Every structure is written in structure tokens, then in C-alpha cells.
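Peer 1: next come a sequence and a model predicted from it.
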Amino acid sequence: MLRSMTMSFILQDHFDATQGYSRTIQTTPATPSKSEREGVHILNEKLEIPHCAGHIERPRLIGKLERSLGQFAATLVCGRAGTGKTSIAAAYARTRKRTAWFTVESSDIDSNVFASYLAASVLRVVGRQKTFGDSLPALADSSPAAMAIFFLNIFSEFETAEKDQRPLLVLDGIHHLFDADWFGGFFSILQPSLSETADLLILCRSKPPNPLWRLRSKQQLDVIDEKTLAFDRDETILLLKQVGRSQAEAARIHAETFGRVSKLLPFIKGGKPSKSRL
């Protein structure tokens, strides 16, 4: 059963939240945290569910995410920039009572930086730390043993006896970590550490490396790809109806664009229909 909250698909110019943050805009906590003193500056906006302008309800995809996370230990949403990964994940995240969101950037490839953000995201949601103080944990090193201890300590904060309080962890832009030497070991520990306490939703632009991809063959990972993210014919007609396009015109546009979000944007904004096939 879907959670009884608004189910929306958000439209914006750039759908990947990794493109939306600027390193020149920083907010400094009143009291420097342990991680900050060690060189990790926590940007609060990377831990917030993205807000986007404009929306259309897409219960088909919200339902798909709901079922996937209910059946699998983790769900991976994979697609190129402009396919709507972040938007649909943000819409779904708002249907959950507790969501820990982390927008991953290329600068987070350092294991301690990544761990600091991950800890901050979890602790922020469980309410144990409204500001990041000295109790924010740090990862001693990226060895499997150190990671295992770190994750057990962090994810124990997620534990709850209430099923409807089960939290959701969203890692947006995880492709930025694919080249990290610690990435394979990280995910081999992450999934079993989380499986009993929280749902895991991962967003990336490209096929992940084998340590993560192998979870799919073990029925521990479900994958939602670009084809699933695309608007179907009925969704395209509903979307374009809101900007004054006729049903016949919307059907033609759907055939031209294959329902890809980035291809539909010019038509939503009143652009001239292309004469050639997109």
C-alpha cells in the first residue's frame, strides 16, 4: 500500500542535484565539529532533499519505488543526466516519515569525507544531533574492519520497532565514488549493515562496478533504468495537456522523444516542436 502523501514528479532544468551545489556557498556551524577540525566541512544543503520547481504526479514511479524497496535490500536508479533520477527520488523521499539524504559529489571520494557526511545525514534524521558537534564520528581508515565498526555504530541509530518508522537512506550521485579504491569493500559492508534497519536507495549515472552490480544477480538489488524513468504515453499526454498541447500533438511528441524527460522540457517550456526526430 502506498504511503498516503502527495506523490509528485518534479521537473526542472537540471535533474541531478550534484549540479546544483556551489562550493563558494558554505554555512558554518556555530561550534566547529570534530570532522570540520579534521578538514571536513559539512555543507548542510547536501543533506537536504532537493526542492525543484514545478511538478506533475507520477504514481506509477512512486509505486515502483515503494514495491522495489519493500522487496529488495537496496534499489538502484540508474540513468544519464536529465532522466529524472533525483526528481523522482526526492518526490518519493517526501512520502517517507524519515529520510536521510546525501548528495554525493566528486570531492567526497575521500573515505573520511564520505563517512563524515554519511554520519551527519543519519544523525540529522534520527534527531540525536541538530547541529554537528564533537560527537560526530570519524572513520579511522578505509579498511574493511574500520568500515564495519563505523557502519555498525552509525546505523544502530536507525533502529526502531515501528515498521512505519523504518528510515530511508538516499545516496544521490554515487557514481562519483566508483573509482575509489575503498568503494567495493564499502558496499559489501553497507548493504548487510543496513538491511535490518533501513531502506537503501542509490542514484547513479552509469552502470556501477561489479561489487555492487553482483548484488543484482543475488536478488539483493533492484535496478530502475532510463526506460522505466521515461514518461509513458499517458503520462506525456497528461504533462503536455497542462501547457496547452492537444492530445494528438502530445502523442506525436511522445513518439519523437520516447518520453525522455530532458527531451520533453523544450515542449513544456513552449519551445517549437522539432521537425526532425529527436
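Peer 2: Nice, I can see it.
Peer 1: burial count for residue 75?
Peer 2: For residue 75, the neighbour count with other C-beta atoms under 10 Å is 25. C-betas here are computed from N, CA, C, even on glycine.
Peer 1: and what about it, helix, strand or coil?
Peer 2: The assignment at residue 75 comes out as strand when based on DSSP: H, G, I helix; E, B strand; the rest coil.
Peer 1: okay, and the beta partners of it?
Peer 2: On the basis of DSSP bridges, residue 75 is bridged to residue 201, residue 222.
Peer 1: so who does it touch?
Peer 2: For residue 75, the contact set (C-beta atoms under 8 Å, 6 or more residues apart in numbering) comprises 65, 68-69, 199-202, 221-224.
Peer 1: any idea how far residue 153 is from residue 138?
Peer 2: Distance of residue 138 to residue 153, given as C-beta to C-beta, to the nearest Å: 11 Å.
Peer 1: more neighbours, those two?
Peer 2: Higher neighbour count among residue 138 and residue 153: residue 138, with 15 against 12, using other C-beta under 10 Å.
Peer 1: which secondary structure elements does the longest helix seen in the chain contact?
Peer 2: The single longest helix within the chain, with elements called by DSSP state H, is helix 111-126. Counting contacts by 3 or more C-beta pairs under 8 Å, 6 or more residues apart in numbering; DSSP states H and E, helix 111-126 packs against helix 34-37, strand 99-103, helix 144-155.
Peer 1: quick revisit: top of the contacts of residue 75 by number of neighbours, please.
Peer 2: Taking other C-beta under 10 Å as the neighbour criterion, residue 202 ranks highest of the contacts of residue 75 with 26 neighbours.
Peer 1: how about the contacts made by the closest residue to residue 169 other than its chain neighbours?
Peer 2: Using C-beta to C-beta, 6 or more residues apart in numbering and skipping the chain neighbours, the partner closest in space to residue 169 is residue 100 (4.8 Å). Residue 100 makes contact with 47, 121-122, 124-125, 167-170, 198 under the criterion C-beta under 8 Å, 6+ apart.
Peer 1: and with 7 Å instead?
Peer 2: Applying C-beta atoms under 7 Å, 6 or more residues apart in numbering, we find residue 100 in contact with 121-122, 125, 167, 169.
Peer 1: check residue 168 too.
Peer 2: Residues near residue 168 by C-beta under 7 Å, 6+ apart: 93, 96, 98-99, 198-199, 201.
Peer 1: is it in a bridge, and if so with what?
Peer 2: When bridges are taken as DSSP bridges, the partners of residue 168 come out as residue 99, residue 199.
Peer 1: cool, and the one 4 residues further on?
Peer 2: Note on residue 172: beta-bridge partners residue 103, residue 203, judged by DSSP bridges.
Peer 1: how far away is it from residue 83?
Peer 2: As defined by C-beta to C-beta, residue 172 lies at a distance of 13 Å from residue 83.
Peer 1: which one's more surrounded, these two?
Peer 2: Using other C-beta under 10 Å as the criterion, residue 172 and residue 83 rank with residue 172 on top: 27 against 23.
Peer 1: which pLDDT value belongs to that one?
Peer 2: Looking at residue 172, its pLDDT is 97.
Peer 1: repeat for the one 5 residues further on
Peer 2: Predicted confidence (pLDDT) for residue 177: 93.
Peer 1: neighbours of the closest residue to it other than its chain neighbours, how many?
Peer 2: With C-beta to C-beta, 6+ apart as the measure, residue 183 is the residue that lies nearest to residue 177, at 5.2 Å, once sequence neighbours are left out. Neighbouring residues of residue 183 were enumerated by other C-beta under 10 Å; the total is 20.
Peer 1: where does pLDDT dip in the stretch 101-250 of the chain?
Peer 2: Counting by pLDDT under 70, the stretch 101-250 of the chain contains low-confidence residues at 128-137, 161-164, 211, 217.
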